[in-house]
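In: Compute the structure for the input listed below.
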Amino acid sequence: MADSVDAQTRTLKVWAELANAYGKLRPEMFGEVRHIESYHQVPVIPARSVIQTQGKSVVYRETGPGRFEQAVVEIGRRSGEMVPVTSGLNAGDRVVVDGAMLLRGY
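Out: Here you go, the predicted model:
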């Protein structure tokens, strides 16, 4: 899914896999989509704040002035420079964005 709606056409580009047994659907066609899945808000953080280590996604969360703890997070699909965090962080948590690799040994 595109990051933003085109201001002139008021459209949004989406990539989807659909059954097309009769060949009626073609690339670049327009359509209307209704998304049925439930909606819930999750924190979104810069993708560069997430470190992959030992098969896990990790961020460093601020616990106090100049103090950080490692937090294992579950992330969703990246959208531009941001990723949604589906578990492991709460709204309002502050994370290290640049230089998190420097904290690994501490």
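In: Against Glu28, how distant is the residue of the chain most remote from its centre?
Out: Most distant from the centre of the chain: Tyr22, at 34.5 Å, with distances by Cα atoms, centre = their mean. Counting by Cβ to Cβ, to the nearest Å, the separation of Tyr22 from Glu28 is 18 Å. C-beta: built from backbone N, CA, C; applies to glycine.
In: cool, Pro46 as well?
Out: Taken as Cβ to Cβ, the span from Pro46 to Glu28 is 32 Å.
In: more neighbours, the two?
Out: The residue with more neighbours, out of Pro46 and Glu28, is Pro46; 15 against 5, by other Cβ atoms under 10 Å.
In: Which pLDDT value goes with the more buried one?
Out: pLDDT, Pro46: 95.
In: what sits against it?
Out: Counting by Cβ atoms under 8 Å, 6 or more residues apart in numbering, Pro46 makes contact with 81-83, 97.
In: Please apply the same query to Gly76.
Out: Gly76 neighbours (Cβ under 8 Å, 6+ apart): 42, 83-86.
In: Quick check on these: which are buried?
Out: For the contacts of Gly76, a burial check counting by 16 or more other Cβ atoms under 10 Å picks out 42, 83, 85.
In: which of the residues you listed has the weakest pLDDT?
Out: Lowest confidence among those: Val42, with 88.
In: in which helix or strand would I find that one?
Out: Following DSSP states H and E, one finds Val42 outside all helices and strands.
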